[in-house]
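Engineer: Could you work out the structure for the sequence below:
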Amino acid sequence: MSGGLDGRSVIVTGAGSGIGRAAALAFAAEGARVVAADLNAEGAQAVVKEIEQAGGAAVAVVGDLGEQAVVDQVVDTAVERFGGVDVVVNNAGIMDRMSALADVTDAEWERVIRVNLTAPFLLTRAALPHMLAAGRGAIVNTASEAGLRGSAAGAAYTASKHGVVGLTKSLAVMYRKQGIRANAIAPGGTQTGIVVDAAQDAHGPAALGPHFVNLGKLAQPEEQAAAIVFLASDAASNINGVILPVDDGWSAV
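Structural biologist: The predicted model follows:
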């Protein structure tokens, strides 16, 4: 434990796997106390166990973050166990089926928007009163290359991640005078367990074709986590409203 974020209370969503797991471990290594929120109980509890075995403090909260009751439980747990909410990492997310707009079903649209955009809105809204009372806080959202362009995913995922970008920038402007910062990373291709269930003969994947290519190297979750921890840390104290591509230059092409 290096102690750079010693004693901070950090909520990480999607903490049971991939970027969320790497972020939870990285925050704990910096001395933060972590609320690991995930729909998958086994994954959330496993990362808590790993943090505790390394001498850190963590607690798991299991449930669907698209539900207000689960969001309230996450925030209440951070306040009751760790004394407040210093950092919120809205990382949990799902892919769409690369569907073009005319092919997006109501179910696909509603599920992707609920997980990727509504859940971060609900959690941030619930955490903000605690940050405002403390006069400080950091919010780091996981956006995507699909939040920067129209050629990296289907209509639902692209819209959801553009929404995350807008939410991040709005937060930065609205609350900067209250000591709260909001930033986001925009990962390129990253080695996680997310599976794209795309019908290759559908219009969406066919239209994306060669555009849907990570032109840089495939990132490890720890590389994304390092950027998240930096943006949440005091080292980034004057960075606010930034969407940081972590993509080996894909967004620069």
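
Engineer: Residue 24 versus residue 4, what's the distance?
Structural biologist: Separation of residue 4 from residue 24 (CB to CB, to the nearest Å): 15 Å. (Glycine included, C-beta is placed from N, CA and C.)

Engineer: So which of the two has more stuff around it?
Structural biologist: Remark: of residue 4 and residue 24, residue 24 carries more neighbours, 34 against 16, as counted by other CB atoms under 10 Å.

Engineer: Assign the more buried one to helix, strand or coil.
Structural biologist: helix (DSSP: H, G, I helix; E, B strand; the rest coil).

Engineer: Surely it and residue 12 touch.
Structural biologist: Yes: in terms of CB atoms under 8 Å, residue 24 counts as a neighbour of residue 12; the distance is 4.6 Å.

Engineer: Which neighbours do those two have in common?
Structural biologist: 34, 36 (CB atoms under 8 Å, 6 or more residues apart in numbering).

Engineer: Mind giving me the packing neighbours of whichever strand or helix holds residue 125?
Structural biologist: Residue 125 is part of helix 119-134 when elements are defined by DSSP states H and E. For helix 119-134, the elements it packs on are strand 9-13, helix 68-82, strand 87-90, strand 137-142, helix 155-175, strand 180-187, judged by 3 or more CB pairs under 8 Å, 6 or more residues apart in numbering; DSSP states H and E.

Engineer: between those, which one is nearest to residue 100?
Structural biologist: Of all the helices and strands packed on helix 119-134, helix 155-175 sits nearest to residue 100, with 6.2 Å by CB to CB.

Engineer: Tell me the buried residues in the closest one?
Structural biologist: Buried residues in helix 155-175, counted by 16 or more other CB atoms under 10 Å: 155-165, 167-169, 171-172, 175.

Engineer: Check stretch 117-131 too.
Structural biologist: Buried residues in stretch 117-131, counted by 16+ other CB under 10 Å: 117-124, 126-128, 130-131.

Engineer: quick one: that stretch to chain centroid distance?
Structural biologist: Its chain's C-alpha centre and that of stretch 117-131 lie 12 Å apart, by CA atoms, centre = their mean, to the nearest Å.

Engineer: What are the contacting residues of it?
Structural biologist: Applying CB under 8 Å, 6+ apart, the external contacts of stretch 117-131 come out as 11, 13, 65-66, 68, 71-72, 74-75, 78-79, 84-86, 88, 90, 92, 137, 139, 141, 160, 163-164, 167, 171, 175, 178-180.

Engineer: Which among the helices and strands packed on helix 119-134 is found nearest to residue 233?
Structural biologist: Nearest to residue 233, of the helices and strands packed on helix 119-134 and by CB to CB, is strand 137-142 at 7.9 Å.
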